[in-house]
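Undergrad: Build me a structure from this.
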Amino acid sequence: MPLLSWTRRVASALCVAAGALCVIPPASAAAQAASSAAPLPDNVAQTPPPPPPGADAALDSARAAKGATLQFAVYTYGPGDAVFERFGHIALAMRDANTGEDIAFNWGMFGFDEPNFLWRFLTGDTRYWMAGYRTVEFNAMYQAQNRSIRKQVLNLTPVQRGALYDFLAWNAREENKYYRYDYYNDNCSTRVRDALDWVLNGTLRPALDSVNGHRTWRDETARATEGNLPVYVGIQFALGRNADRHLTRWQQWFLPEYLAADLASTPVRGVALVSQDSVLFTAQREALGEHGPDRIVPAIVTGLVLGLLVFVLARVAPMAAGVFGVVWYAVGGLLGTALLLAGTVTKHVPYMGTNLNLTLVSPLLLAAALFWAWRGRADRRGRAARALAAVVAGIAIVGLVLNHVPGFHQGSMLLFMTVVPVHAALAVVANGRRSSAARGT
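TA: So this is what the prediction gives:
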């Protein structure tokens, strides 16, 4: 049992480092058993959704009768303490005035015990699903975690409410509830967004499909993870240039807080989307900042200090300098190999591909680590060690220059400011011994 608990914690930490945006309480034993028995092949809905409102007059009439007693509300939950809770959460709730049934539908379900969970996670084929909870119990859980709760009653016609009921009933079926989770384009928040767009006959997206300022996926993720430096740095390494595109308001709805803000302020064809807007619980915690942290100065200082340390160690403790170089290159090589694979052969390509950080870390650094110990020798291995150190530093400097060229710019400059000085210092230290190596000393 302790081993299972430890494994769960490790997998949870991996999800955090990858930027998982919607983490919910563990599924019940029954839900996990049902998910394990479900077919895995396509990870998508197996049957087509019901027709939208307006497609069939007779169907609309039946939906109007059903929808007369229904109410739908969007619940958004503020950030929590854990890193993966910093992005907030969301649910779409349905209340039936006739039966008293009140269910919050949640698209953030996943299970560590699912077949091939770790492989699916690493390759970006993460399997999530939708499930319903009693709304009062769902809200109580978030209130107990000291997370703010906002309720927005949707301003829908009876036909639209009946249609949304049909859509949720279809989505909740065993063969349709699974989907491939995507951090930014298909998560628990965008699933609510897409359901609303469906019931509004595709009129929601045009109202939101325009760039809103200079917000990017990188900036929004940095804003949410600023309190955890290792996760923050890891995500900065992982994200490529595509994560620096300016987002439309439609894309920004991957975060529940933006969805809630736009619901309250954006009419669709002159009709307000929300009829009632209230805060059910206000958390006693600091809200997320408006912008991500500016860490460029600390990054420059860190890079210069580490670069200076290389020179000091080379002079006063050559053995320590050797260990530092091997560890530095080995870690960079492993990280670069993982980054290269993630950005080329997995489903993480849309965010981790076209990554300029590969000029800082790459498989080439593994070779540099292997030869570093021979950097002071005059033979072929010594020449290879010095050449590798120089090439690694040169590629990093080229990457730094490219980061200032339009079309190549990537918002991970703080990494270049930290890593380039160390690569350069190691190259200078290695090649500074060339004359002594040539003498055979």
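Undergrad: Just the pLDDT for Thr266.
TA: With respect to pLDDT, Thr266 scores 92.
Undergrad: do Leu426 as well
TA: What the model reports for Leu426 is a pLDDT of 97.
Undergrad: which residues touch Gly124?
TA: 182, 342, 346-349 (Cβ atoms under 8 Å, 6 or more residues apart in numbering). Where C-beta positions appear, they are placed from N, C-alpha and C, glycine not excepted.
Undergrad: Now do the phi/psi pair for it.
TA: phi 80, psi 20 (degrees, to the nearest 10).
Undergrad: re the thing from before, farthest pair in the contacts of Gly124?
TA: Using Cβ to Cβ, the two most remote members of the contacts of Gly124 are Asp182 and Ala342, lying 14.2 Å apart.
Undergrad: More neighbours: which of those two?
TA: Ala342 (22 against 18; other Cβ atoms under 10 Å).
Undergrad: on contacts alone, who are the packing partners of whichever strand or helix holds that one?
TA: Taking DSSP states H and E as the definition, one finds Ala342 inside helix 318-345. Packing partners of helix 318-345 (3 or more Cβ pairs under 8 Å, 6 or more residues apart in numbering; DSSP states H and E): helix 229-238, helix 296-316, helix 349-352, helix 364-371, helix 413-431.
Undergrad: Recalculate using a threshold of 6 Å.
TA: Counting contacts by 3 or more Cβ pairs under 6 Å, 6 or more residues apart in numbering; DSSP states H and E, helix 318-345 packs against helix 296-316, helix 349-352, helix 364-371.
Undergrad: Buried residues, that helix. List them.
TA: 321-322, 324-326, 328-330, 332-333, 335-340, 342-343 (16 or more other Cβ atoms under 10 Å).
Undergrad: What is the burial count for Asn185?
TA: 12.
Undergrad: next one: Arg120
TA: 19.
Undergrad: and the residue nearest to Asn176 when sequence neighbours are not counted, helix, strand or coil?
TA: Excluding the flanking residues, the one nearest Asn176 by Cβ to Cβ, 6 or more residues apart in numbering is Ala45, at 4.1 Å. With DSSP: H, G, I helix; E, B strand; the rest coil as the basis, Ala45 sits in coil.
Undergrad: Ala73 now?
TA: strand.
Undergrad: related to what we said a few turns ago, off-centre distance for the helix holding Ala342?
TA: Helix 318-345 has its average C-alpha position 24 Å from the chain's average C-alpha position, going by Cα atoms, centre = their mean, to the nearest Å.
Undergrad: ditto for stretch 244-252
TA: For stretch 244-252, the distance to the chain centre is 14 Å (Cα atoms, centre = their mean).
Undergrad: Name the residues of that stretch that come out as buried.
TA: Within stretch 244-252, the residues that count as buried by 16+ other Cβ under 10 Å are 244, 247, 249-252.
Undergrad: Verify the stated contact: Thr302 with Met417.
TA: No: with contact defined as Cβ atoms under 6 Å, Thr302 does not reach Met417; the gap is 7.9 Å.
Undergrad: tell me the pLDDT at the residue nearest to Asn176?
TA: In this model, Ala45 is scored at 85, pLDDT.
Undergrad: And it, how far from Asn139?
TA: Distance of Ala45 to Asn139, given as Cβ to Cβ, to the nearest Å: 28 Å.
Undergrad: Ends of stretch 196-215, what's the gap?
TA: Stretch 196-215 has an end-to-end distance of 23 Å (criterion: Cα to Cα, to the nearest Å).
Undergrad: wait, stretch 341-349
TA: Its first and final residues considered, stretch 341-349 spans 9 Å by Cα to Cα.
Undergrad: Stretch 396-409: how far from the chain's middle?
TA: 24 Å.
Undergrad: Buried ones in that stretch, by neighbour count?
TA: Across stretch 396-409, burial judged by 16+ other Cβ under 10 Å covers 396-397, 399-400, 403.
Undergrad: can you check stretch 129-142 too?
TA: For stretch 129-142, burial by neighbour count (16+ other Cβ under 10 Å) applies to 129-133, 135, 138-139, 142.
Undergrad: May I see the residues you listed organised as CSV, with pLDDT added?
TA: Listed next are the buried residues of stretch 129-142 as CSV, based on pLDDT from 0 to 100:
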residue, pLDDT
Trp129, 92
Met130, 95
Ala131, 94
Gly132, 95
Tyr133, 95
Thr135, 97
Phe138, 97
Asn139, 97
Tyr142, 96
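Undergrad: Of the residues you listed, which belong to strands?
TA: Per DSSP state E, strands hold the following members of those: 129-133.
Undergrad: Please convert those to TSV, extending it with distance to Val428.
TA: Shown next, in TSV, are these (distance: Cβ to Cβ, whole Å):
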residue	distance to Val428
Trp129	54
Met130	57
Ala131	58
Gly132	62
Tyr133	60
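Undergrad: ok, and what's touching the helix or strand Arg150 falls within?
TA: Arg150 belongs to strand 149-154 when assigned by DSSP H and E. Outside of strand 149-154, the residues within contact range by Cβ atoms under 6 Å, 6 or more residues apart in numbering are 72-77, 139, 142, 260, 263, 274-281.
Undergrad: are any of these buried, and which?
TA: Burial by neighbour count, judged by 16+ other Cβ under 10 Å, picks out 72-77, 139, 142, 260, 263, 274, 281 from these.
Undergrad: How many residues are close by the residue nearest to Trp250 when sequence neighbours are not counted?
TA: Spatial nearest neighbour of Trp250, excluding adjacent residues (Cβ to Cβ, 6+ apart): Leu208 at 4.1 Å. Neighbour count of Leu208, defined by other Cβ under 10 Å: 20.
Undergrad: Leu208 reaches Gln252, doesn't it?
TA: No: using Cβ under 6 Å, Leu208 is not in contact with Gln252; the gap is 8.2 Å.
Undergrad: in the stretch 51-200 of the chain, which ranges drop under the pLDDT threshold?
TA: Counting by pLDDT under 70, the stretch 51-200 of the chain shows no low-confidence range.
Undergrad: So which residues of it form helices?
TA: In the stretch 51-200 of the chain, the helices defined using DSSP state H, counting those that start in this stretch lie at 57-67, 117-123, 135-144, 158-172, 188-199.
Undergrad: Appreciated, that's everything.
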